[in-house]
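Undergrad: Structure, please.
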Amino acid sequence: MADPSKIQGTTTPQSAVLHRDTRFIPKKAIGGKGSYIFLEDGTKFLDSTGGAAVSCLGHGHEKVSQAVTNQIKQLSYCHSAFFGTNVSEELARFLTDSTAGKLSKLYVVSSGSEAVEAALKLARQYYLELPTPQPQRTRFIARSPSYHGITLGALAAGRHVLRREPFEPLLAQNTSHVSPCYAYRGKKDGESDADYVSRLAAELDAEFQRVGPQNVCAFIAEPVVGAALGAVPPVPGYFEAMKSICEKHGALLILDEVMSGMGRTGTLHAWESEAVVPDLQTIGKGLGGGYVPVSGVLIGEKIVQALDRGSGAFRHGQTYQGHPVSCAAALAVQRVIEEEGLLENVKVMGRYLEERLKERVGGCEHVGDVRGRGLFWGIEFVKDRTTKEPFPTSASVAVQIQETGLDPAFGISLYASSGTVDGTRGDHVLLAPPYNVTKEEIDLIVEKTGLVIETVFAKIVAETA
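TA: The predicted structure is shown next:
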């Protein structure tokens, strides 16, 4: 049974919606403005995570709302098999230009999972379209733990044990996994960044050799890991080394920037900080800022040319592909980010958030690590700071912190996730405030986060005393 003491909703079964917890009805959000969501009970709720790192401009931005309204009045839908639209062309030009043409085409769909599915299929089709086709390339290499989406192909590519477990018999077995770049737990004592990168590169190279380098389509990874590890950035040189291994074996590099991209980490594309350009890049959450469901795949020119010279068609299409309202919202969001200089604010406020978080919670007995980049930060919790031993899964630490944050006494979102250590054990929460967040709001976010953490661990200590 759901815990009747849950504080963010009611357990009365009066909804026809299949909620995430079938025995629990969440409180209703009835409005939103800036960094706040307004609830039916009068709570002014500080949305410090943007939902799931989605609401990059906060709520109720007039320019975006107007762009959506205008597009609906002009044309709400047409099927991309029959027609193109000006707004889809404008969005594609804006985004491809933002890569200096290094990624030359955009494919627009509705969710991050759909974008990853499309990228995996496009990677496979690329090898079939070459002048000398390579049909034996059917495998992918990813990292563990990792999360690339909830649809079957994306779920198979990721390695988040708790999300995969019920569906393992349905998942393709053509993805193998290597270690992530996770310095807090992965680096050995005294090991330099360069040596750590060399070790991870050797591991990836060995995995290519194990499965047959001629059989691999691509290596897929998040530049800054989101839900699976909690805003873990790579050490310097990591992605350069990984791309070098991919190129050595003729495989593609897919960077999944659904959560970490489109400005979240301080550059429009997270790979801009890594001195690499992917062959395929998935984008999502910060693309449309939550105003509409929208995601996409940015595609490297060599893949585009292979299709042009081959069949001339990506054998994958969706009903809402290139939806004009989605494109209008995404274009408006991206123009606001550019016109208001918000990438600079992400960098400045990101540094301030880092400083304040480490000052306020970095020394807490059960905070093992505070890490991130830009306005994308994670806090990992441990039972013992010295050994880095996680709490048992039965303690549900991250969930307790998220639910406590939802109490009107705190009124803050703290995005909880578990499986940080090995896909099953370990807890962390994410913070991802909007790109236009103010210094005063950062102070409030940090103070509320600190109070929630202290409240939860005081309760845990009391219960185990």
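
Undergrad: how long is stretch 365-377 from one end to the other?
TA: Start-to-end span of stretch 365-377 (Cα to Cα, to the nearest Å) is 19 Å.

Undergrad: same thing with stretch 14-28?
TA: For stretch 14-28, the end-to-end distance is 13 Å (Cα to Cα).

Undergrad: Could you list the residues in contact with stretch 451-464?
TA: Contacting residues not belonging to stretch 451-464 are listed as 361, 364-367, 379, 395, 397, 400-401, 404-405, 410, 412, 414 [Cβ atoms under 8 Å, 6 or more residues apart in numbering]. All C-beta atoms are positioned from the backbone trio N, CA, C, and that covers glycine.

Undergrad: Strands along the stretch 301-450 of the chain, start to end?
TA: 367-373, 376-381, 415-418, 427-431 (DSSP state E, counting those that start in this stretch).

Undergrad: CA atoms only: put the longest one into CSV for me.
TA: Output of strand 367-373 as CSV, limited to C-alpha atoms (Å, rounded to 0.1, in the frame of the first residue of the first chain):
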residue,chain,number,x,y,z
VAL,A,367,26.7,14.0,1.7
GLY,A,368,29.4,12.2,-0.2
ASP,A,369,29.8,14.4,-3.2
VAL,A,370,28.5,17.6,-4.7
ARG,A,371,29.2,17.8,-8.5
GLY,A,372,27.9,19.2,-11.7
ARG,A,373,28.3,21.9,-14.3
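
Undergrad: Start at 8, not 1
TA: Shifting the count to begin at 8 puts that one at strand 374-380.

Undergrad: rewinding a little: most neighbours, which of the contacts of stretch 458-471?
TA: Compared across the contacts of stretch 458-471, Gly412 has the highest neighbour count, 29 neighbours, by other Cβ atoms under 10 Å.

Undergrad: I figured it hits Ser420, correct?
TA: Yes: with contact defined as Cβ atoms under 8 Å, Gly412 and Ser420 form a contacting pair (6.3 Å).

Undergrad: between the contacts of stretch 458-471, which is nearest Asp263?
TA: Nearest to Asp263 out of the contacts of stretch 458-471 is Ile386 (Cβ to Cβ; 22.2 Å).

Undergrad: and the closest one, what are its bridge partners?
TA: Val377, Val436 (DSSP bridges).

Undergrad: rewinding a little: next, format the strands of the stretch 308-457 of the chain as a markdown table and append mean pLDDT and distance to Lys455.
TA: Shown next, in a markdown table, are the strands of the stretch 308-457 of the chain (pLDDT from 0 to 100; distance: least, Cβ to Cβ, whole Å):
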| stretch | mean pLDDT | distance to Lys455 |
| --- | --- | --- |
| strand 374-380 | 98 | 15 |
| strand 383-388 | 98 | 13 |
| strand 422-425 | 95 | 14 |
| strand 434-438 | 98 | 10 |
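
Undergrad: Among those strands, which comes closest to His256?
TA: Nearest of those (Cβ to Cβ): strand 374-380, 28.8 Å.

Undergrad: still on that earlier bit, between the contacts of stretch 458-471, which is nearest Ala88?
TA: When the contacts of stretch 458-471 are compared against Ala88 (criterion: Cβ to Cβ), the nearest one is Leu421, at 43.1 Å.

Undergrad: didn't that closest one look like it was pressed against Glu410?
TA: No: Leu421 lies out of contact with Glu410 (Cβ under 8 Å); the separation is 9.3 Å.

Undergrad: what residues are up against Glu221?
TA: In this structure residue 221 is Gln, not Glu. Counting by Cβ under 8 Å, 6+ apart, the residues that Gln221 touches are 141, 143-144, 256-257.

Undergrad: That one in helix, strand or coil?
TA: Going by DSSP: H, G, I helix; E, B strand; the rest coil, the secondary structure assigned to Gln221 is helix.

Undergrad: Okay, domains of this structure per the record?
TA: 69-347, 349-470 (the TED database).

Undergrad: right, and those domains - which one's nearest Pro33?
TA: Short answer: domain 349-470, nearest of the domains of the chain by Cβ to Cβ, at 8.8 Å.

Undergrad: Quick one: the helices in the stretch 308-457 of the chain, in order.
TA: Ranges of helices within the stretch 308-457 of the chain are 308-316, 331-346, 349-367, 404-413, 446-471, based on DSSP state H, counting those that start in this stretch.

Undergrad: in the stretch 358-472 of the chain, what spans have low per-residue confidence?
TA: Counting by pLDDT under 70, the stretch 358-472 of the chain contains low-confidence ranges at 472.

Undergrad: just the chain next, same as before
TA: For the chain (pLDDT under 70), the answer is 8-20, 472.

Undergrad: for the chain, which residue is closest to the average position?
TA: Geometric centre of the chain, nearest residue: Met266, 2.2 Å, by Cα atoms, centre = their mean.

Undergrad: ok, now how distant is it from Lys70?
TA: 24 Å (Cβ to Cβ, to the nearest Å).

Undergrad: Single out the most deeply packed of the strands of the stretch 308-457 of the chain.
TA: strand 434-438 (a mean of 28; mean count of other Cβ atoms under 10 Å).

Undergrad: Now Met269. Nearest residue, chain neighbours left out?
TA: The shortest distance from Met269 to any non-neighbouring residue, by Cβ to Cβ, 6 or more residues apart in numbering, is to Gly293 (3.4 Å).

Undergrad: give me the element that neighbour is part of.
TA: Assigned by DSSP states H and E, Gly293 falls within helix 292-295.
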